[in-house]
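Engineer: coordinates only, sequence not included:
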């Protein structure tokens, strides 16, 4: 057989094969049960197809807690996500527990759809995640042993090489330390450690100071009375807290933004905040377009 004939046969075979694949692709089932190509399906598309929103999460006192006996979840952010699911007719699935340093990795690899806990919205984190509209604003204060008055009304003294500061690796206060108190020594804990452990380092004398939110400090005070106190002074930083999605998930972020705004306007977020608040400066509401400035929430107890 001549080479030209062989070449013609090869070309015809390739053409028939490509046509077959093209025909099969065009006539593949596209109904509710069909699974799109995994590499092309966005988190939004997967959520719409399955009716389930998968949450990545950290266990965080008062916000996301899990009963060790029943594995049942509870807390402010658990209630918030259930309300979001109710508004969107979606099932909420608590898919994967993560740490502060790897929380956004699972969004990129699509192991879960949303990081369902407030991460302080910082420029560095904006490189690897997209933030929703804020649900609440969270103040950060400094905490020391009960008899330590060195830093009252004088935060500048914290920025000294003799001062030891505890924080979780990858958590917001690590960045805050680098920005405000770079000279202080670092007492870093694993990102999978309970956030209250930074306060324990101070109480045990392994660190001089730690920074965290009042919602974290107050349960520690309750179980360890007389051990620590808040440094006298204003909030070190007021940070926006909402949900997080993968970079490029615009449709998902827009859906969540719309729902969060609706829950703020209806007073649902306020009811949830008051339910889990014991003092008036734990959380603040975002400024609303109808003119109300940020206001503290809580019963003031």
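Structural biologist: On my side now, so go ahead. Everything numeric in this text was worked out from a predicted model, so none of it was measured. Residues are numbered from 1 along each chain as shown.
Engineer: So residue 166, which state does it fall into?
Structural biologist: Secondary structure for residue 166, judged by DSSP: H, G, I helix; E, B strand; the rest coil, is strand.
Engineer: my read: it touches residue 210, true?
Structural biologist: Yes. If you go by CB atoms under 8 Å, residue 166 and residue 210 touch, sitting 4.4 Å apart. Yep, even glycine has a C-beta here, placed from its N, CA and C like the rest.
Engineer: So for those two, which residues contact both of them?
Structural biologist: Taking CB atoms under 8 Å, 6 or more residues apart in numbering as the contact rule, residue 166 and residue 210 both touch 198, 199, 201, 202.
Engineer: closest to residue 65 among these?
Structural biologist: Residue 65 lies nearest to residue 199 out of the shared contacts of residue 166 and residue 210, by CB to CB, at 17.3 Å.
Engineer: show me the residues around the closest one that make contact.
Structural biologist: Applying CB under 8 Å, 6+ apart, the residues near residue 199 are 143, 166, 210, 212, 216, 217, 220, 228.
Engineer: and it, that one's in a strand?
Structural biologist: No. Applying three-state DSSP, one finds residue 199 to be helix, outside a strand.
Engineer: How about it: what's its closest non-neighbour residue?
Structural biologist: residue 220 (4.8 Å; CB to CB, 6 or more residues apart in numbering).
Engineer: Can you point out the buried residues in whichever helix or strand that neighbour is part of?
Structural biologist: Per DSSP states H and E, residue 220 falls inside helix 214-223. Using 16 or more other CB atoms under 10 Å as the test for burial, helix 214-223 gives 214, 215, 216, 217, 218, 220, 221.
Engineer: Of all pairs in these, which one is the farthest apart?
Structural biologist: 215 and 221 (11.5 Å).
Engineer: Run a quick check on residue 242 versus residue 133, I expect a contact.
Structural biologist: Yes. Shown here, residue 242 and residue 133 form a contact pair, counting by CB under 8 Å, at 5.9 Å.
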